[in-house]
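>>> need a 3D model of the following:
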Amino acid sequence: MSENELDELDIKILRLMQKDSRIPYSEISKRLGVPEATVKYRVRRLIEKGAILGFYTLLNPRKIGFPFSMIILFQIIPEELENVFNKLKSMPEATHVFKLTGKYNIVAIFHARDMNHVSKIDEAVRSLRGVTAAETLLVTGVVYMNWEFPI
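Numbering: from 1, shown residues only. Below you'll find the model as predicted:
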């Protein structure tokens, strides 16, 4: 589903749900002045078309025992790229894995419990078959995080 497939009502529904994914359909209906059945239909269609990927609780890693965040940039042998993606995705500490253009092929974000855990993650990813270089950056502070898209 591309942006141009979204009409004004879809966008209004998505804006409300980005702010609070637990907002009841009845509340969306009331705020937008449309029947609740319409809201249910639209949300179901947005899920089926892939515009809504899921509903999650956004956790603060520093408050739940993962005070260390790391960003790792990878250079990978092209024929091992898919293998490395799959290995990184299977690591429970990895929260984001992106394919890149430029000097690095992949960037991944990890969260760790302590410096020993940071070292274990770093060693594990550097030893993956196909990794020719990895640059690990330790996050020293969170300045800004925004999970809402400007639709």
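>>> and the residue nearest to K120 when sequence neighbours are not counted, what's its pLDDT?
Closest residue in space to K120, ignoring its immediate chain neighbours: A112 at 8.0 Å, by CB to CB, 6 or more residues apart in numbering. For glycine as for every other residue, the C-beta is placed from the backbone atoms N, C-alpha and C. On pLDDT, A112 comes in at 97.
>>> how many residues are close by A112?
For A112, the neighbour count with other CB atoms under 10 Å is 21.
>>> looks like it contacts E93 (just checking).
Yes - contact status for A112 versus E93: in contact at 6.2 Å, counting by CB atoms under 8 Å.
>>> domain ranges for this structure?
For the chain, the domain assignment from automatic domain parsing gives the residue ranges 3-48, 61-138.
>>> got the phi/psi numbers for the residue most central in space within the chain?
Residue closest to the mean C-alpha point of the chain, counted by CA atoms, centre = their mean, is H96 at 5.4 Å. Main-chain dihedrals, H96, degrees, to the nearest 10: phi -140, psi 140.
>>> re earlier: any idea how far the residue nearest to K120 lies from K49?
Distance, A112 to K49, using CB to CB, to the nearest Å: 36 Å.
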